[in-house]
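Chemist: The amino acid sequence is not available; the structure is as follows:
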């Protein structure tokens, strides 16, 4: 977990309420993630967080080595269906790492980690 900053505070609070918020430029419509105050396309400051549903597609993933007997931890890059161009980095659960495929349909789930709620994704229809 990173540090909560001025730019990420609203998003972090959304996570605690189990809401996924993604910034969107009010001038050009660009979806912006990682959160920032300035649109990277048109440089507008008219950027506000909007709730999005959690459906998406797996773009890439990482499977770091774990100690013997420890469960695998998959970190995925997920392209959000409701926010074209926005991608979020989160754990992917509920699937054997050998079954992961580029383009796999995923849905948002939530888990509690160290006293905080964080997003995770799992294959559609699988429980997290």
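Modeler: Right, received. Where do you want to start? Everything quoted here is computed from the prediction, not taken from an experiment. Residues are numbered from 1 along each chain as shown.

Chemist: tell me the helices in the chain, going along the chain?
Modeler: Listed in chain order, the helices of the chain (DSSP state H) span 9-16.

Chemist: Against residue 14, how distant is the residue lying farthest from the centre of it?
Modeler: Distance to the chain centre peaks in the chain at residue 68, reaching 28.2 Å (criterion: CA atoms, centre = their mean). Note on residue 68: its distance to residue 14, by CB to CB, to the nearest Å, is 37 Å. Using the backbone N, CA and C atoms, a C-beta is placed for each residue, glycine as well.

Chemist: coming back round to it: for the residue farthest from the centre of the chain, what are its contacts?
Modeler: Contacts for residue 68 were tallied using CB atoms under 8 Å, 6 or more residues apart in numbering; there are none.

Chemist: How about residue 42?
Modeler: By CB under 8 Å, 6+ apart, the residues touching residue 42 are 25, 27, 28, 30.

Chemist: Let me see the confidence value for the residue farthest from the centre of the chain.
Modeler: Predicted confidence (pLDDT) at residue 68: the value is 92.
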